[in-house]
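**Q** Need the 3D shape of this:
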Amino acid sequence: MALGLTLAGAGFASGQGSAPEVYSRHCAACHGADRLGAIGPALLPENLRRLRKKAASGVIANGRVATQMPAFGDTLTELEIDQLVELVYTPLPEPPHWGADEIRASHLIHNRIEDLPNTPRFSADPLNLFVVVELGDHHATLLDGDTFQPIHRFKTRFSLHGGPKYSPDGRFVYLASRDGWITKYDIYNLKPVAEIRAGINTRNLAVSEDGRYVMVGNYLPHTLVALEARDLTPLAVIPVEGDDGRSSRISAVYAAPPRHTFVAALKDIPEIWELSYAERAPPGFSALTDGYSLSRGPGFSLRRIALRGVLDDFFFDQDYVLVVGASRDGSGQVVNLDSGEPAGAIDLPGLPHLGSGITWNYQGRTVLATPNLKEGVVSVIDLQSRRTIKRIETQGPGFFMRSHEGSRYAWVDVFFGPHRDAVHVIDKSKLEIAKTLIPAPGKTSAHVEFTRDGRYALLSIWDMDGAVVVYDARTLEEVKRIPMKKPSGKYNVYNKITRSRGTSH
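**A** Numbering: from 1, shown residues only. Modelled structure (predicted):
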């Protein structure tokens, strides 16, 4: 799509000093003439949701630390900067195309698997490592979960999103950027293996339980993209459309390991999709046509399940039979994947962040606990009756909740609002807050993750001069601070590959 078409109807005049001309002269080489990204990120409103317009003006004028973004404050006028901001926050007149040819052309092989030793280059326990995502300067740190010493730090793509996923043995980590770049990184050898751009705006990725496939869910374009996990060779591009031809973004896609499937929620159509990669389509599944195939690989089959409303996020029970979903209208619903049918409603008011939901045993029953993006509350729900046992009031809306099978506590942040520096520690046996910590007054505290044995809890200070703070998970006393650049999440290898009840899957 040419720049002129990109800006059609956007109200920008052409000519010297206009936004299109200024963009073409100063921005297109790095961000693409069509704003879809090149060596720099895509400049589309969907990709810039975390960046306010005022902050975007500052980036254009002053550049951005730890990136190749230069400062244009001495080159462009204030009016030209304002016009550029309006331009990049203007939606494209049509959804951008990013299909099989574009995906294939983006494929990069950095190191061949067969050339890399199958033993770690370090002495740390490979299953008690953390990958810490540092959004401040777009790096990730490999952290030893026993000594809490950084092992290695490596550069990532711009603005990782959706949480890293591991291969079943924990050797490889798969990273997704908001701009659609998927990276496979070899933890043992501290080297990237391959990269591919699977979309323009990507929601998240999932890895199959056998380590053979990666599934990517996109906002732009409206597709699911299947990759061969070994080297990210593209296998299939699956348009996400309803029976009426209306297309949809993907809210989230997760692996369902015991089922040998991927499950995706559609953001614009009231359906969830379950995709099987079995050699033969299971009962109730329909084989996708050959038109979806890009390369060698399985014949994916699909089962569609109609819902009462769209889902913004969802959660599996520990047996991967029930899908518990929530919508922005405050409704919750349950789907039984064994029967392939909706299974009623669930008491989930507000906007629970089910992607961060966890479970534990409480008085002989399994409960689901989830923070809420709109309300200062943690909902604790009996998964059998689907009734709320308790609503634990917090100091504000939360984003992440974590626990561990070996810990009596569950931790939840207060990510939004004036108390964003607080984190609550909840006693799982009493369903009440045992302690509120303020790790860094005035700075956002978020995303707790436990070590493999549950003895320590690691928390992020989301700040350019931030840190990972290590707590003794029993005494709740601080043990250590590790300086980092806006560490967002940290992901323990063992807890992820064993699908711990205390962490997201």
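**Q** where does G58 land in three-state SS?
**A** helix (DSSP: H, G, I helix; E, B strand; the rest coil).
**Q** Give me the distance between it and Q83.
**A** Per Cβ to Cβ, to the nearest Å, G58 is found 16 Å from Q83. Every residue, glycine included, has its C-beta placed from N, CA and C.
**Q** With M215 instead?
**A** 39 Å.
**Q** which one of the two has more residues nearby?
**A** M215 (29 against 19; other Cβ atoms under 10 Å).
**Q** Now that one. Nearest residue, chain neighbours left out?
**A** F262 (4.5 Å; Cβ to Cβ, 6 or more residues apart in numbering).
**Q** Please list all residues in contact with that neighbour.
**A** A206, S208, M215, L224, V253, Y254, A255, A256, E274, L275, Y277 (Cβ atoms under 8 Å, 6 or more residues apart in numbering).
**Q** give me the number of residues near M69?
**A** What M69 shows, counting by other Cβ under 10 Å, is a neighbour count of 17.
**Q** Next, the distance between the ends of stretch 183-199.
**A** 13 Å (Cα to Cα, to the nearest Å).
**Q** related to what we said a few turns ago, and the helix or strand encompassing the residue nearest to M215, which strands flank it?
**A** F262 belongs to strand 261-266 when assigned by DSSP states H and E. Sheet pairing here is set by DSSP bridges, and for strand 261-266 it gives strand 250-256 (antiparallel), strand 271-276 (antiparallel).
**Q** Tell me where the stretch 401-505 of the chain is predicted with low confidence.
**A** For the stretch 401-505 of the chain, no stretch has pLDDT under 70.
**Q** Show me where it has its helices.
**A** 493-497 (DSSP state H, counting those that start in this stretch).
**Q** what's the answer for the chain, then?
**A** When assigned using DSSP state H, the helices of the chain occupy the ranges 3-6, 19-26, 28-31, 53-62, 78-88, 100-105, 493-497.
**Q** hey, which of these is tucked in deepest?
**A** helix 493-497 (a mean of 22; mean count of other Cβ atoms under 10 Å).
**Q** Quick one: list the elements packing against that helix.
**A** Counting contacts by 3 or more Cβ pairs under 8 Å, 6 or more residues apart in numbering; DSSP states H and E, helix 493-497 packs against strand 129-134, strand 165-166.
**Q** most tightly surrounded among these?
**A** Mean neighbour counts for the helices and strands packed on helix 493-497 (mean count of other Cβ under 10 Å) peak at strand 129-134, with a mean of 25.
**Q** Parallel or antiparallel, which strands does it pair with?
**A** Using DSSP bridges, the strands paired with strand 129-134 are strand 139-144 (antiparallel), strand 487-492 (antiparallel).
**Q** what does the first one contact?
**A** Contacts of strand 139-144 from elsewhere in the structure, counted by Cβ under 8 Å, 6+ apart, are 122, 124-125, 128-134, 149-156, 160, 164, 175, 185, 187, 190, 468, 482, 484-485, 487, 490.
**Q** For PyMOL, what selects the buried ones among these?
**A** Per 16 or more other Cβ atoms under 10 Å, the buried members of the contacts of strand 139-144 correspond to this PyMOL selection:
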select buried, resi 124+125+128+129+130+131+132+133+134+150+151+153+156+160+164+175+185+187+468+482+484+485+487+490
